[in-house]
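Undergrad: Predicted coordinates and the sequence they were generated for:
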Amino acid sequence: MRATFAGGCQELGGPGTEAAERNNVAKTTILHVCSTEWVKVGIPAPYSPLLCVLCGSMSGLGTTAFLDRWLASAIVTAVERLQLLVALKRRNRFLNLSVPAYAIYLGIAGVVAVFVLGSLLGSFAVSRLTDQGRLGKLARENKTLKAQVATYAAAMDTFRQFLVKAEQMDNKLRASINLPLIPGDIRLMGIGGSRPPSPEPGVDAMLRRLRFEQQSIAEIEGAVKDQQARLANMPSIWPVQGWVTSGFGYRRDPFTGAQSLHPGLDIVAPTGTQVAATAAGHVIYAGWKSGWGRCVEIDHGGGIRTFYAHCRSLTVNAGDNVFRGDMIATVGSSGRSTGTHLHYGILAGGNWANPDNYMLTQLSAN
């Protein structure tokens with residue numbers, strides 16, 4: 001049996017061959033002795049059995065007497081209390097304060113934590129408010145600006161390529177509508193604007209070219225609209241589907257036998273077949289004319305008029321506006337006629353013109 005006291009702890013034990021009852025009695029005695037010794041060194045009674053068991057466990061692990069004493073000293077120090085005596089002069093009294101040691105340690109740890117936190121906040125403020133902080137901020141902004149400049153440069157290259165293609169297409173459109181082409185050096189000069197010059201010369205040059213292109217597109221648009229108006233008023237379709245039995249030009253008159261100008265086309269079609277206006281225009285006459293029977297005359301502007309004769313019935317009146325393809329009459333044989341047909345003629349500048357020169361399609365019957 002070995003008995004030691006290190007920091008107020010004893011351990012008693014015997015060999016494994018002793019009886020179990022004697023071992024239990026010995027362990028109870030050891031625990032009582034350890035508890036008594038811990039109370040003697042200032043450990044409160046409720047904690048002494050726990051400390052005795054802890055000490056005994058560490059001894060069983062092979063700890064030395066020095067470690068036993070150190071553990072006991074640390075535990076005692078942690079539970080010690082600091083006695084403060086405060087004198088109250090006015091009341092002639094003394095105030096006795098008892099502060100646990102661990103509270104002092106916690107206070108010191110709190111002060112250290114506040115100091116560390118203050119140091120971190122101070123360094124953060126310095127990095128933001130001092131020249132070093134401003135330099136760092138400027139460096140970050142400079143990096144962002146470089147990225148933006150790279151993006152703008154890529155966009156400028158893309159726009160420059162688009163502008164070149166637009167200028168090429170511009171000249172193709174001009175050629176298709178008989179407008180004069182614009183040389184490349186004239187386009188590079190561009191047109192000045194009212195805005196102040198840009199600090200980047202390349203940007204100014206592109207803006208001048210863009211304004212020039214806008215003006216050219218406006219010119220093309222105006223020319224296209226004029227051509228569209230002329231084409232819309234150009235008699236370019238057949239007024240009726242049928243067979244041409246007599247063309248434009250001189251022929252022997254079927255009634256007199258003399259040579260005379262036939263000022264149009266005779267198109268044979270079944271009676272009642274719809275007759276369409278060959279272009280948009282304004283109806284200037286709809287009624288009966290000697291020799292022509294029931295007829296319609298339409299003014300298309302630009303000195304162009306169309307004439308439809310020998311009709312069976314008319315579906316328009318003078319003053320009406322018509323569009324290409326609108327029904328204006330039906331095929332008949334009114335007036336001086338040898339049979340059912342439509343006489344179709346075109347007046348250009350007051351003179352009869354060959355309708356074949358205006359047709360864009362052929363008769364399906366032919």
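TA: Thanks, I have it.
Undergrad: Residue 330: what's it in contact with?
TA: 271, 272, 273, 274, 275, 311, 312, 313, 315 (Cβ atoms under 8 Å, 6 or more residues apart in numbering). Just so you know, the C-beta spots here come from the backbone N, C-alpha and C atoms, and that holds for glycine as well.
Undergrad: my guess is the fourth one contacts residue 327, does it?
TA: Yes: Residue 274 lies in contact with residue 327 (Cβ atoms under 8 Å); the separation is 4.9 Å.
Undergrad: More neighbours: which of the two?
TA: Taking neighbours as other Cβ atoms under 10 Å, residue 274 and residue 327 compare with residue 274 leading, 15 against 12.
Undergrad: The more buried one pairs with what?
TA: On the basis of DSSP bridges, residue 274 takes part in beta bridges with residue 330.
Undergrad: Return the residues in contact with it.
TA: For residue 274, the contact set (Cβ under 8 Å, 6+ apart) comprises 240, 327, 329, 330, 331.
Undergrad: List the buried residues in the longest strand seen in the chain.
TA: Secondary structure of the chain per DSSP state E: the longest strand is strand 304-314. Residues of strand 304-314 classed as buried under the neighbour-count rule (16 or more other Cβ atoms under 10 Å) are 304, 305, 306, 307, 308, 309, 310, 311, 312, 314.
Undergrad: hmm, which two among these are most spread apart?
TA: The span of those, defined through Cβ to Cβ, is set by 304 and 312 at 25.6 Å.
Undergrad: What ranges does the stretch 201-350 of the chain have for its strands?
TA: Along the stretch 201-350 of the chain, counting by DSSP state E, counting those that start in this stretch, strands occupy 243-246, 249-252, 259-262, 265-268, 274-276, 281-289, 293-301, 304-314, 321-322, 327-331, 342-348.
Undergrad: Show me the contact partners of the second one.
TA: Spelled out, it's strand 249-252. 258, 259, 260, 261, 262, 354.
Undergrad: Likewise for the last one?
TA: With Cβ under 8 Å, 6+ apart as the test, strand 342-348 has contacts from 235, 239-240, 242, 263-267, 269, 275, 278, 292, 303-311, 331, 352-355, 358.
Undergrad: before we move on, back to that, could the strands of the stretch 201-350 of the chain go into a markdown table alongside distance to residue 215 and mean pLDDT?
TA: Output for the strands of the stretch 201-350 of the chain, formatted as a markdown table (distance: least, Cβ to Cβ, whole Å; pLDDT from 0 to 100):
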| stretch | distance to residue 215 | mean pLDDT |
| --- | --- | --- |
| strand 243-246 | 48 | 90 |
| strand 249-252 | 48 | 85 |
| strand 259-262 | 49 | 86 |
| strand 265-268 | 45 | 94 |
| strand 274-276 | 40 | 96 |
| strand 281-289 | 33 | 96 |
| strand 293-301 | 28 | 95 |
| strand 304-314 | 32 | 96 |
| strand 321-322 | 34 | 96 |
| strand 327-331 | 42 | 97 |
| strand 342-348 | 35 | 95 |
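Undergrad: what about those, which gets the closest to residue 155?
TA: Across those (criterion: Cβ to Cβ), the nearest stretch is strand 293-301, sitting at 47.5 Å.
Undergrad: JSON lines for the strands of the stretch 201-350 of the chain, including distance to residue 181?
TA: Shown next, in JSON lines, are these (distance: least, Cβ to Cβ, whole Å):
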{"stretch": "strand 243-246", "distance to residue 181": "41"}
{"stretch": "strand 249-252", "distance to residue 181": "40"}
{"stretch": "strand 259-262", "distance to residue 181": "43"}
{"stretch": "strand 265-268", "distance to residue 181": "40"}
{"stretch": "strand 274-276", "distance to residue 181": "39"}
{"stretch": "strand 281-289", "distance to residue 181": "34"}
{"stretch": "strand 293-301", "distance to residue 181": "29"}
{"stretch": "strand 304-314", "distance to residue 181": "30"}
{"stretch": "strand 321-322", "distance to residue 181": "38"}
{"stretch": "strand 327-331", "distance to residue 181": "42"}
{"stretch": "strand 342-348", "distance to residue 181": "30"}
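Undergrad: Of those strands, give the one that comes closest to residue 158.
TA: strand 293-301 (45.2 Å).
Undergrad: Output the contacting helices and strands for the closest one.
TA: Strand 293-301 is packed against strand 281-289, strand 304-314, strand 327-331, with contacts defined by 3 or more Cβ pairs under 8 Å, 6 or more residues apart in numbering; DSSP states H and E.
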